[in-house]
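Engineer: The sequence isn't on hand, but the structure is:
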């Protein structure tokens, strides 16, 4: 961040030799103000649209660890970041990024999370339609729907995944491993296996009323 600020300050400050040239070309700039405004407006709209798209997504860092890799010359140190990305509207993803600095690792984790998004079916009470089980490695996660007002009963990385998915009433239990990455991926596996009642009825070839009866 310090290098960037130094570059901006050194490039934005005009020199003494540039002042007369700016004064002489002021009349030419007045003639082409219309075109410059049009270009700036177009660029401003594109930037606003990009910011709106980015504002829909939220990122939360679950864990940052300093890891090492043994190479020929010794050990190479780097950072690993586990990031959860979601829009709180039924889409969530878990990503892992590794880089020589923390900012680069988080940036890679966000990009990786957006590549592995899962669409979660939500009810009108911001819960899940059915019970789900997920497993990754030695970690196992159980999630169950809950009544309105229950809240997110979960902990660790599982809670982060459920909150960014937009689920507000759910019961979750972690079984097995305590590793944050395995628990987050197990929660993703459980969410990916959820089906709505309409989808279940279509797969079984029966009507929706027969499922509720």
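Structural biologist: Ah, there it is. Only a predicted model underlies this, so the values are computations on that prediction, with no experimental measurement involved. Numbering: from 1, shown residues only.

Engineer: Relative to residue 123, how far out is the residue positioned nearest the centre of the chain?
Structural biologist: For the chain, the residue nearest the mean C-alpha position is residue 85 (1.9 Å; C-alpha atoms, centre = their mean). Per C-beta to C-beta, to the nearest Å, residue 85 is found 23 Å from residue 123. C-betas here are computed from N, CA, C, even on glycine.

Engineer: Residue 209 now?
Structural biologist: Distance, residue 209 to residue 123, using C-beta to C-beta: 18 Å.

Engineer: and what of residue 194?
Structural biologist: 11 Å.

Engineer: So between these two, which is more surrounded?
Structural biologist: With neighbours defined as other C-beta atoms under 10 Å, residue 194 and residue 123 compare such that residue 194 has more, 20 against 14.

Engineer: Would you agree the more buried one is in contact with residue 127?
Structural biologist: No - using C-beta atoms under 8 Å, residue 194 is not in contact with residue 127, being 10.8 Å away.

Engineer: what about the helices in the protein?
Structural biologist: Along the chain, counting by DSSP state H, helices occupy 2-12, 18-24, 26-31, 33-56, 102-115, 156-164, 180-192, 197-204, 208-212.

Engineer: so what's residue 85 up against?
Structural biologist: Counting by C-beta atoms under 8 Å, 6 or more residues apart in numbering, residue 85 makes contact with 57-59, 92-95, 110, 113-114, 117, 164.

Engineer: how long is stretch 153-167 end to end?
Structural biologist: End-to-end distance for stretch 153-167, by C-alpha to C-alpha, to the nearest Å: 11 Å.

Engineer: next one: stretch 171-182
Structural biologist: 19 Å.

Engineer: got the buried residues for that stretch?
Structural biologist: For stretch 171-182, a neighbour-count test (16 or more other C-beta atoms under 10 Å) marks 171-172, 174, 179-182 as buried.

Engineer: Ok, stretch 134-149 next?
Structural biologist: 134, 136, 139-143, 145-146.

Engineer: quick check: domain ranges of this protein?
Structural biologist: What automatic domain parsing lists as the domains of the chain is 56-118, 120-198.

Engineer: Point out the most buried one among those domains.
Structural biologist: domain 120-198 (a mean of 19; mean count of other C-beta atoms under 10 Å).

Engineer: Now do that one, average pLDDT.
Structural biologist: Mean pLDDT, domain 120-198: 92.

Engineer: among the buried residues of stretch 134-149, which are in strands?
Structural biologist: Using DSSP state E, the subset of the buried residues of stretch 134-149 located in strands is 134, 136, 139-143, 145.
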